[in-house]
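Novice: turn this into a structure:
(one chain, ligands or ions: 1)
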Amino acid sequence: MNRRKLLKIVGSASVIVAAGGVGFVMTRTPTDALMPWETAGSSYSDPIRRALSYAILAPNPHNRQPWIVDLKSDTEAVLTCDLDRLLPVTDPFSRQIVIGLGCFLELLSIAAADQGYRADIRYFPDGEPGDALDRRPIAHLSLKKQEGLAGDPLFSQALRRHTNREPYDTSRVVGDDVLLRLRNTATDKVRVGTANGGTQLNDLRALTKDAMLTEVATPDAYRESIDLMRIGRAEIETNPDGIALGGAFLETLNLTGILTRESLADSTSRSYQIGLDMIDEGAMTSMGFVWINTMGNDRTAQIEAGRAYMRIALQVAADDLAMQPMSQALQEYAAMAPYYKTIHEGLTDQSGERVQMLARLGYAKDVGPAPRWPLETRVKES
Ligand SMILES: Cc1cc2nc3c(=O)[nH]c(=O)nc-3n(C[C@H](O)[C@H](O)[C@H](O)COP(=O)(O)O)c2cc1C
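Specialist: Coordinates of the predicted model:
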C-alpha cells in the first residue's frame, strides 16, 4: 500500500496510538511466515532438502506456492502441482502456475550446484498435461554429486531477490549494459526482449496500467485477488501465502476499518481509490521492461520461461535493480483479449511465438521477503 497517500488521509500518529502505540508496531512482523528465508540451506543436512529449502523461495503467481514434493531419497524427489492452489479465473490454463514451477526448478538446480550436485530434471515423466493440469508429476528430480561442478554466481542472490511493487525512481535510467546482462542470463530455450526508453517504454507503461485497471474492474478476476489477501500479522501467520498486506501501518488501517477486504472490493471506498492510484503510479514509473517469449506454448515451454524468469530475477537482484511482473495483459480471460492482442503484435516476431512473462524494471527502495509455507508442509515421503 502507498504509505504516503494513506498518511495524507488518516494521519499516522493518531491512528497508531489508537491501535495500541509503539509496542504494537514492534510486534507486527510475521516471524513464522518469514522463517523459511532464515532456515534455507543451513538447517538441512541432506542434499535434496537443502536444495528444496531454497526452491520454495522462488517467485510464483499470487504466492500460491503450488508445489508438492514427494521425497524418494536424500537425492531424489518427484514434483507435482497442488491442484487446490490454482488461479482458475486469471490463469484459466494454469500457464502461470507452471511458470512458477519452472522458477522453482531453476532455483533448485542453482542451489544444488552450490553444494556440488548436478540436478537432473526430467519434465513431465508421465506425459504433459493439456489445458488442465492433473495429478501427473511436473518433474522428476535427481541430484548427482559431481566433482568440480562450478557453482552459479547467481546463487548469492537467492535470499536477496524479492518482487518489488514500489514506485520506481524516474530519475534513474536502466542502462543498456544492465539490460544486456538480463538478456544474457536467460537460458537459450527462450527469447528475451527488453526496453528502456522511447515510445516502446511509454506504450508498455500505458498498456500494463490499463490491463491492471481492467482486471480490478472485472469482478471475478479482482475477487480472486481479494480472496487471497492476508491482512495483518495473524492472517499472514495462519496462511503464509497469497497477497500479504502486513506491517504496523496497514494493520492499523485494518483495525480502524479503513483497509478491509470489503473496502478494497467497494469501488466507492477510499482504499479502492488509493489502489487505483497505486496501479497508475507503479506502471507509469516503470523505467524499463523485460519480457520472455517462447515458440509455442506447451507445458515444457512454460517451464523454460519460468527457469529464465528465475535467472533474470536473480540478475536483477545482483544489479540492485527492482522488478515486478505485470502479467495481466498476458492472461487468457475475455477482458484481457485486447491487451493480449496488442502485446503479442508488439513483442513477438513470428506467428506461434508466445509472451510468457512481462515485468517492469527500475530502481526503488528495498522491500522485504514475502511469506512462505515451511518446507515440511510441502513435502511428503514415500
Ligand atoms: C508467473 C508469475 C506471474 C506473476 N505475476 C505478477 C503480477 O502480475 N503482479 C505482481 O505484482 N506480481 C506478480 N508475480 C510475482 C508474485 O506475486 C511473487 O513472486 C509472489 O508474491 C512471491 O513474492 P516474492 O517474489 O517477493 O518472493 C508473478 C510471479 C510469477 C512467477
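Novice: show me the shaky parts of this protein.
Specialist: Scanning the chain for pLDDT under 70 picks out the ranges 1-26.
Novice: in what helix or strand does A305 lie?
Specialist: Using DSSP states H and E, A305 sits in helix 299-318.
Novice: which helices and strands sit right next to that helix?
Specialist: If contacts are counted by 3 or more Cβ pairs under 8 Å, 6 or more residues apart in numbering; DSSP states H and E, helix 299-318 sits against helix 95-114, strand 117-123, helix 176-185, strand 288-295, strand 322-325, strand 353-362. Where you see a C-beta, it was placed from the backbone N, CA and C, and this is true even at glycine.
Novice: show me what the helix or strand just after the fifth one is packed up against.
Specialist: The reference is to strand 322-325. Counting by DSSP H and E, the next helix or strand C-terminal to strand 322-325 is helix 337-347. Judged by 3+ Cβ pairs under 8 Å, 6+ apart, helix 337-347 is in contact with helix 198-216, strand 353-362.
Novice: which stretch among the ones you listed comes nearest L34?
Specialist: strand 353-362 (23.3 Å; Cβ to Cβ).
Novice: any idea which of the helices and strands packed on helix 337-347 is most buried?
Specialist: Most buried of these, by mean neighbour count (mean count of other Cβ atoms under 10 Å): strand 353-362, with a mean of 23.
Novice: what's the burial count for S94?
Specialist: 24 (other Cβ atoms under 10 Å).
Novice: dump the residue contacts of G193.
Specialist: Going by Cβ atoms under 8 Å, 6 or more residues apart in numbering, G193 touches 183, 290-291, 293, 347.
Novice: and those residues, which are buried?
Specialist: If you count burial by 16 or more other Cβ atoms under 10 Å, the buried members of the contacts of G193 come out as 290-291, 293, 347.
Novice: near the ligand, which residues of the protein? Just list them.
Specialist: Contact residues (Cβ under 6 Å from any ligand atom) of the chain with the ligand: 59-63, 96, 99-100, 103, 162-163, 165, 324-327, 370.
Novice: CA atoms of the helix holding A305 as CSV?
Specialist: Taking Å, rounded to 0.1, in the frame of the first residue of the first chain, the C-alpha atoms of helix 299-318 are listed here in CSV:
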residue,chain,number,x,y,z
ARG,A,299,4.0,-27.1,-20.8
THR,A,300,7.7,-27.5,-21.4
ALA,A,301,7.9,-24.1,-22.9
GLN,A,302,6.2,-22.7,-19.8
ILE,A,303,8.7,-24.4,-17.5
GLU,A,304,11.5,-23.0,-19.6
ALA,A,305,10.0,-19.5,-19.4
GLY,A,306,9.9,-19.9,-15.6
ARG,A,307,13.5,-21.0,-15.5
ALA,A,308,14.5,-18.0,-17.5
TYR,A,309,12.5,-15.7,-15.3
MET,A,310,14.2,-17.1,-12.2
ARG,A,311,17.6,-16.3,-13.6
ILE,A,312,16.6,-12.9,-14.7
ALA,A,313,15.2,-12.1,-11.3
LEU,A,314,18.5,-13.2,-9.6
GLN,A,315,20.4,-11.0,-12.0
VAL,A,316,18.1,-8.1,-11.3
ALA,A,317,18.9,-8.5,-7.6
ALA,A,318,22.7,-8.7,-8.4
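Novice: the closest residue to S156 other than its chain neighbours: what's it in contact with?
Specialist: Distance criterion Cβ to Cβ, 6 or more residues apart in numbering; nearest residue to S156, sequence neighbours excluded, is A318 at 7.5 Å. Shown in contact with A318 (Cβ under 8 Å, 6+ apart): 153-154, 156-157.
Novice: the ligand: which of those residues is nearest?
Specialist: Q157 (12.3 Å; Cβ to the nearest ligand atom).
Novice: quick one: the closest residue to A305 other than its chain neighbours from A132, how far?
Specialist: The spatial neighbour of A305 that comes closest, neighbours along the chain excluded (Cβ to Cβ, 6+ apart), is Q356 at 3.6 Å. Q356 sits 19 Å away from A132, going by Cβ to Cβ, to the nearest Å.
Novice: and I279, by the same measure?
Specialist: For I279, the distance to A132 - Cβ to Cβ - is 31 Å.
Novice: who has more neighbours, those two?
Specialist: In this view I279 and A132 are compared by other Cβ under 10 Å, and I279 has more residues nearby, 20 against 11.
Novice: over to the closest residue to the ligand within the stretch 101-250 of the chain. Which of the three states is it?
Specialist: Nearest residue of the stretch 101-250 of the chain to the ligand: T163, at 3.6 Å (Cβ to the nearest ligand atom). Secondary structure for T163, judged by DSSP: H, G, I helix; E, B strand; the rest coil, is coil.
Novice: the residue nearest to A305 touches I99, doesn't it?
Specialist: Yes: assessed by Cβ atoms under 8 Å, Q356 is found in contact with I99 at 6.1 Å.
Novice: now the common contact residues for those two.
Specialist: 302, 305, 309.
Novice: mind listing the residues bridging to E76?
Specialist: S142 (DSSP bridges).
Novice: show me which positions of stretch 119-136 end up buried.
Specialist: Quick answer for stretch 119-136 (16+ other Cβ under 10 Å): 119, 121, 123-124, 129, 133.
Novice: what's it in contact with?
Specialist: 51, 78, 80-81, 83, 86, 93-94, 97-98, 105, 108-109, 112-113, 137-144, 298-300, 303.
Novice: now restrict those to buried residues only.
Specialist: Counted by 16+ other Cβ under 10 Å, these give 51, 78, 80-81, 86, 93-94, 97-98, 105, 108-109, 112-113, 137-143, 298-299, 303 as buried.
Novice: show me the contacts for G246.
Specialist: Contact analysis of G246 by Cβ under 8 Å, 6+ apart lists 28-30, 230, 232-233, 236.
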